[in-house]
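J.: structure, please.
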Amino acid sequence: MAKLTFSMDDGTVRTLKATAERLRKPQSMVVREAVAEYAARAGQLTEAERRRLLKQLDDLARRPPTRPQAQVDAEIRDVRRARRGGGRRHRAE
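T.: Numbering: from 1, shown residues only. This next block holds a predicted model:
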């Protein structure tokens, strides 16, 4: 295990000490668990981000189509046909 030195503001130190005391765990374990929880959530959207993105999706869904449905259907058919064809037959350069 590595020993590290960090600088923390007084409020964070008080919170760390109180949490460690309440949980009856060493402060270092509280920090390890906190870092692990933070890392697990770091890639997730915040509630505000999620709401903003959902609003953008709702706004997009309300917009009128920009091209005829038949043209969209034809493009989808072409893409599916190309995918079933096995992809590239030659090496990309």
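
J.: any idea how far V31 is from K17?
T.: In this view, V31 and K17 are 11 Å apart by Cβ to Cβ, to the nearest Å. Where C-beta positions appear, they are placed from N, C-alpha and C, glycine not excepted.

J.: where does the protein have low pLDDT?
T.: 87-93 (pLDDT under 70).

J.: repeat that for 80
T.: Counting by pLDDT under 80, the chain contains low-confidence ranges at 86-93.

J.: mind listing the helices for it?
T.: 10-23, 27-41, 47-62, 69-84 (DSSP state H).

J.: just checking, what packs against the first one?
T.: With contacts defined as 3 or more Cβ pairs under 8 Å, 6 or more residues apart in numbering; DSSP states H and E, the packing partners of helix 10-23 are helix 27-41.

J.: and of the helices of the chain, who's closest to L4?
T.: helix 27-41 (9.4 Å; Cβ to Cβ).

J.: now that closest one against helix 10-23, angle please.
T.: 100 degrees (axes from the mean of the first three to the mean of the last three Cα atoms, to 10 degrees).
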